[in-house]
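Chemist: sequence first, predicted model second:
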Amino acid sequence: MSKLKNFMKITKLEITMLIDMVAIAAFLAVPGGNKYPFLLLILVISGTLASMSASLFNNIYDIDIDIKMKRTRSRSKIVNENTRNRMIFFASIMIVISLVLSYFLLNFLTMIFIFGGFLSYVVLYTIVLKRRTSWNIVIGGIAGSFPALAGWASLTDSVSITSLFIAFLVFMWTPTHFWNLSVNNIDDYKENNIPMLPARVGIKKTAFWIMINTIILITYSLIPFFISYIHVGYLYFPMAVIMDVILLAYVIRPFMRNYDRKYFRSAFGFSNMYMLILLIVIMIPFI
Ligand code: HEM
Ligand SMILES: CC(C)=CCC/C(C)=C/CC/C(C)=C/COP(=O)(O)OP(=O)(O)O
């Protein structure tokens, strides 16, 4: 059991599950999408393998810093200098299987989007941005947009305003998601010179930028009310209004509670619920 637990930890399976939900929501938003369960299964298998591979390559690249940070040091028992080559082998096999499956059983465009998500996480975010700039997760957040493009393309071999809407909803959501978490790891990031926003500008200014980003996210999330051909179903808009109000309350609370870090942690936790609920209400009308 511990082997499975370790595997889940180093491949960030909880994150992968929400990534899969992004792809599934975009897949089911295609009119008649629910009539192709086999293609949906291939999409989920390919996306899961790619996301797990990307997460494992991220952990391999970050061996030197993960061992020094409280939140990530337990990974070093599994991913370390001694196991590096074996981990690279496993991660490589996973991404190759993912791309072969998506190319031959879905289509070339879907494979490109899945590979785009993999490369933007492993190369753009992990290698190029993460240790260089506080814009790392704003730009690197594009990684989470590719599953939406892959989901729609796997059925239609195309991009649409609906898949672009879902893709940019995840993109706008990512800074609120991660900056709330990073406030609780500010010391780790400072000590290891990782330019996450709170480590660079402090907690108060981070709270301000989380607020700004959340206002942008909320405004963006309401667009389908004004553009009816964004195909997100009849449940999305009322639920988006409810979730937006609650998210705003979570993001305002630190200002009212002297920036106590526990309120950033709860805002992080709710940010995952926010994304999950919106993706589920997109799916429900089309299941
Ligand atoms: C570049 C963009 C992103 C960054 C930097 C980021 C960062 C993180 C970090 C550091 C964690 C904590 C992981 C841990 O401690 O094990 C986390 C957790 C999580 N992330 Fe993100 N994330 C990003 C994008 C996404 C996207 C696109 C999704 C899904 C749509 C997502 C879903 C989750 C979930 C569900 C968790 C919670 C896992 C748990 O409960 O442990 N993240 N994220
Ligand atoms: C289609 C496809 C493959 C998409 C991939 C999308 C994906 C896996 C996004 C997740 C990004 C993420 C969790 C970054 C955290 O890295 P970090 O290094 O900041 O976190 P850590 O400190 O916990 O390692």
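Modeler: That came through fine. Numbering: from 1, shown residues only. Ligands and ions are numbered 1, 2, ... in the order given.
Chemist: just the element for the residue in the chain positioned nearest to ligand 2, please.
Modeler: With C-beta to the nearest ligand atom, the shortest gap between the chain and ligand 2 falls at residue 117, namely 2.4 Å. Yep, even glycine has a C-beta here, placed from its N, CA and C like the rest. Take DSSP states H and E as the rule and residue 117 turns out to sit in helix 108-119.
Chemist: and that helix, does that touch ligand 1?
Modeler: No: Helix 108-119 lies out of reach of ligand 1 by C-beta under 6 Å from any ligand atom, never closer than 8.9 Å.
Chemist: packing partners of that helix?
Modeler: If you count contacts as 3 or more C-beta pairs under 8 Å, 6 or more residues apart in numbering; DSSP states H and E, helix 108-119 packs onto helix 37-61, helix 84-105, helix 146-156.
Chemist: how about a markdown table for the ones you listed, with distance to residue 192 and mean neighbour count added?
Modeler: Rendered in a markdown table, the data for the helices and strands packed on helix 108-119 read as follows (distance: least, C-beta to C-beta, whole Å; neighbours: other C-beta atoms under 10 Å):
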| stretch | distance to residue 192 | mean neighbour count |
| --- | --- | --- |
| helix 37-61 | 14 | 22 |
| helix 84-105 | 19 | 17 |
| helix 146-156 | 28 | 28 |
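Chemist: for the residue of the chain closest to ligand 2, list the residues it contacts.
Modeler: If a contact means C-beta atoms under 8 Å, 6 or more residues apart in numbering, then residue 117 has 19, 47, 50-51, 54, 143-147, 150 as its contacts.
Chemist: among those residues, which ones lie close to ligand 1?
Modeler: Checking the contacts of residue 117 against ligand 1 by C-beta under 6 Å from any ligand atom, the ones in range are 19, 143-144.
Chemist: and which of those is nearest ligand 1?
Modeler: In terms of C-beta to the nearest ligand atom, no member of the ones next to ligand 1 among the contacts of residue 117 lies closer to ligand 1 than residue 144, at 2.3 Å.
Chemist: next secondary structure after the helix or strand of the chain with the lowest mean pLDDT?
Modeler: None of the helices or strands of the chain scores lower by mean pLDDT, DSSP states H and E than helix 2-10, at a mean of 84. Where DSSP H and E defines the elements, the next helix or strand beyond helix 2-10 is helix 13-28.
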